[in-house]
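Novice: sharing a sequence plus its predicted fold:
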Amino acid sequence: MPAIFRLRLAALALAGLGSLAGLGFPAPQAAAQSVTNTLRYGTGLLDVPTAKVAPHLSLTGAYSGFGISVANRIVLDRSGREIAKGEAYDKWVSDGAITFGLFDRIELGATIQHYDDPANGGNLLGGFGRVLLLSQGKGFNVAVGARYVSSPSFGDQYPDEFQPNRFGYPDSRVVKNPSGRAEFSANFTPYAVATFHLPGLEASFLPEYDFSLTAGWGGGMFGAGSDLDFYGASDAAGLLAGAALHLSIGDGKLLHLMGEFNGFDLNTGVELDWGGVRVGAFVLGMEYADQSMFRSRKIGLTGSVAFCGGDGGLCKPSLSDRPAPDTVTLPAPPPDTVFVDRTVEPPLPTGTPAAICLSTGAAVQVVVTPQLDTLVGPNRVSIRNLRPGIVFAGVYAEERTWFVDDEAIELERRAFSKSGNPRSLNCNDIMRVGEYEGVPLFAERSAERPLEMIFVPVRPGVWQAYEYGLQGTRG
């Protein structure tokens with residue numbers, strides 16, 4: 001199949017996923033905080049890495065397996081050309097991996113793809129790592145990483161030096177130096193990748209969802225063997241692409257739909273993250289029939305468990321924050337013009353100008369009289385005379401059960417408890433960092449992550465500090 005045709009197929013598959021998100025299809029929503037697993041190499045789609053990393057102090061154990069079944073295995077000569085049809089091949093291939101996250105910037109891990117005696121290929125063991133270079137949360141992220149897998153060994157049966165293949169099982173036909181062909185070098189696989197996160201449409205009849213696009217380049221396994229007919233049908237020069245929809249199906253539960261092109265194959269899969277316990281299914285080589293072991297469809301299953309050390313339990317996924325309205329709307333003041341023989345403009349009440357910082361992050365200018373009465377609008381009308389019609393924009397915690405009962409709240413997998421008395425804040429000094437049960441959360445603009453203190457809007461102009469590490473109750 002020509003390379004351009006395979007790339008068009010990949011583009012069509014990704015466009016199809018994108019159109020589902022654009023039409024509001026109840027597809028998965030993913031935030032920057034949501035993470036999916038590759039089959040063997042830590043976080044990512046199925047075989048394509050993404051510009052995400054495992055959460056800080058998280059430990060994930062993962063398993064994947066798929067079946068290979070072909071009627072006749074291809075027999076090759078020394079240059080990798082097909083010369084005959086051999087016996088049937090039918091096997092279930094299993095892989096395991098452990099992934100560890102650090103500082104929400106780095107992930108490291110180890111993989112085992114085959115463990116057997118030398119006559120059957122020996123041990124295929126490896127390691128992998130990734131560093132997040134640019135992180136804009138639900139925006140544009142960039143990462144670099146690498147994978148290493150040891151070569152299979154078939155004892156004294158063959159004189160050749162072998163290489164691991166992209167499906168993670170030993171194959172005596174995959175040699176490092178096929179006669180008259182380019183070197184097959186797949187032990188070390190470096191890559192660079194970028195991921196862009198898009199929030200889903202907001203509508204009352206739709207579940208919450210997000211959408212992510214990934215593109216990048218990789219060496220090693222992402223390009224090695226592309227000139228061997230039995231192994232790769234085309235050369236994509238190491239280009240990678242993928243897309244995913246992340247759908248919220250309840251508190252701390254996400255469903256991920258994934259599609260990718262890894263330089264050789266069009267793959268698709270689904271993963272359910274039930275609060276840190278993940279199960280999924282996938283199909284590799286969607287564009288193939290059953291031409292050979294490498295060019296055939298393969299159906300498999302995945303499973304993993306993720307523990308977050310900072311939370312002391314399973315990792316709960318989440319979607320990206322939704323922006324809160326930032327418009328302050330005040331009703332028109334009552335008429336203040338009286339028709340008499342002559343018009344006299346009454347003097348405006350005096351007081352001290354002040355600014356009320358709302359939970360939208362915007363400030364409203366008011367005047368406070370010596371009697372502590374709050375005046376609003378150009379005519380300085382008492383807010384008490386306007387109630388209940390006066391409405392300040394935003395969502396506040398004043399009547400929330402967790403606020404009244406002094407419960408701890410959670411942000412970025414960290415628990416925060418009330419600290420000190422309510423206070424007023426300047427909107428220019430704070431920024432929104434998330435939300436808790438619909439109430440927006442703020443921190444000082446100069447604060448560094450991980451955050452030690454956040455602020456909760458109690459009512460317009462009144463804020464309560466919450467501090468990490470204080471003793472409190474959990475809801």
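Specialist: Yes, it's here. All values derive from a computational prediction rather than experimental measurement.

Novice: OK, contacts around the residue nearest to D311 when sequence neighbours are not counted?
Specialist: The shortest distance from D311 to any non-neighbouring residue, by C-beta to C-beta, 6 or more residues apart in numbering, is to R413 (4.7 Å). Where you see a C-beta, it was placed from the backbone N, CA and C, and this is true even at glycine. By C-beta atoms under 8 Å, 6 or more residues apart in numbering, the contact set of R413 is P55, H56, C308, G310, D311, C315, K316.

Novice: those, buried ones only, as a PyMOL selection?
Specialist: Per 16 or more other C-beta atoms under 10 Å, the buried members of the contacts of R413 correspond to this PyMOL selection:
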select buried, resi 55+56+308+310+311+315+316
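
Novice: so, low pLDDT: which residues of the protein?
Specialist: The model of the chain has pLDDT under 70 over residues 1-33, 137-138, 320-349, 371-374, 377-391, 471-475.

Novice: what ranges do the helices span in it?
Specialist: In the chain, the helices defined using DSSP state H lie at 3-22, 383-386, 401-404.

Novice: please parse the chain into its domains.
Specialist: 3-314, 323-475 (automatic domain parsing).

Novice: could you say which of those domains is packed most deeply?
Specialist: domain 3-314 (a mean of 19; mean count of other C-beta atoms under 10 Å).

Novice: surely V364 is in contact with G394?
Specialist: No. In this structure, V364 is not within contact of G394 by C-beta atoms under 8 Å, at 10.1 Å.

Novice: mutual contacts of the two, please.
Specialist: Contacts common to V364 and G394, judged by C-beta under 8 Å, 6+ apart, are L358, P460.

Novice: distance between the ends of stretch 440-458?
Specialist: Separation of the first and last residues of stretch 440-458 by C-alpha to C-alpha, to the nearest Å is 10 Å.

Novice: same question, stretch 223-239
Specialist: End-to-end distance for stretch 223-239, by C-alpha to C-alpha: 8 Å.

Novice: and the contacts of that stretch?
Specialist: Against stretch 223-239 from outside (C-beta under 8 Å, 6+ apart): 1-3, 5-7, 74, 76, 80-82, 163, 165, 173-174, 178, 181-182, 184-186, 215-219, 222, 261, 263-264, 292, 294-295.

Novice: now, the residues you listed that are in strands?
Specialist: Those of these mapping onto strands are I74, L76, E82, A215, G216, W217, G218, F261, per DSSP state E.

Novice: run through the bridge partners of the nearest residue to the fourth one once chain neighbours are set aside.
Specialist: Nearest residue to A215 in three dimensions, chain neighbours excluded: A241, at 5.0 Å (C-beta to C-beta, 6+ apart). Beta-bridge pairing of A241 under DSSP bridges involves A215, F261.

Novice: correct me, but A241 touches E260?
Specialist: Yes. Counting by C-beta under 8 Å, E260 is a contact partner of A241 at 6.7 Å.

Novice: now for these two: what residues contact both?
Specialist: V48, T214.

Novice: distance check, T50 against V270.
Specialist: For T50, the distance to V270 (C-beta to C-beta, to the nearest Å) stands at 16 Å.

Novice: C-alpha coordinates for stretch 108-120, PDB please?
Specialist: What follows is stretch 108-120, C-alpha atoms only, in PDB (Å, rounded to 0.1, in the frame of the first residue of the first chain):
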ATOM      1  CA  LEU A 108      10.100   6.400  34.100                       C
ATOM      2  CA  GLY A 109       9.300   2.700  33.700                       C
ATOM      3  CA  ALA A 110      10.300  -0.800  32.800                       C
ATOM      4  CA  THR A 111       8.700  -3.300  30.400                       C
ATOM      5  CA  ILE A 112       8.800  -7.100  29.900                       C
ATOM      6  CA  GLN A 113       7.600  -8.300  26.500                       C
ATOM      7  CA  HIS A 114       8.900 -11.800  26.500                       C
ATOM      8  CA  TYR A 115      10.400 -14.200  29.100                       C
ATOM      9  CA  ASP A 116      11.400 -17.600  27.800                       C
ATOM     10  CA  ASP A 117      14.400 -19.800  27.100                       C
ATOM     11  CA  PRO A 118      16.900 -18.800  24.400                       C
ATOM     12  CA  ALA A 119      15.500 -21.400  21.900                       C
ATOM     13  CA  ASN A 120      12.300 -19.400  21.800                       C
END
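
Novice: before we move on, the earlier item: from E407, how far off is the residue nearest to A215?
Specialist: From A241 to E407 the distance is 44 Å (C-beta to C-beta).

Novice: same thing with V458?
Specialist: Distance from V458 to E407, by C-beta to C-beta: 14 Å.

Novice: ok, A224 next?
Specialist: 55 Å.

Novice: wait, doesn't H56 sit right on F103?
Specialist: Yes. With contact defined as C-beta under 8 Å, H56 reaches F103; the gap is 5.5 Å.

Novice: how much space between L206 and R432?
Specialist: For L206, the distance to R432 - C-beta to C-beta - is 23 Å.

Novice: actually V48, not the one I wrote
Specialist: 32 Å.

Novice: same thing with V366?
Specialist: V366 is 22 Å from R432, by C-beta to C-beta.

Novice: with E82 instead?
Specialist: Taking C-beta to C-beta, one finds E82 at 61 Å from R432.

Novice: then A244?
Specialist: 26 Å.

Novice: please apply the same query to V70.
Specialist: For V70 relative to R432 (C-beta to C-beta), the value is 55 Å.

Novice: repeat that for A241.
Specialist: As judged by C-beta to C-beta, A241 and R432 stand 32 Å apart.

Novice: R130 too?
Specialist: 28 Å.

Novice: T43 now?
Specialist: Using C-beta to C-beta, T43 is found at 26 Å from R432.

Novice: now Y63
Specialist: Per C-beta to C-beta, Y63 is found 39 Å from R432.

Novice: where do the strands sit along the stretch 201-350 of the chain?
Specialist: 209-218, 239-250, 253-261, 266-274, 277-284, 298-308, 313-314 (DSSP state E, counting those that start in this stretch).

Novice: hmm, Q163 and V174 touching each other?
Specialist: Yes. Using C-beta under 8 Å, V174 makes contact with Q163 at a distance of 5.3 Å.

Novice: overlap in contacts, these two.
Specialist: In contact with both V174 and Q163: F184, A186, using C-beta under 8 Å, 6+ apart.
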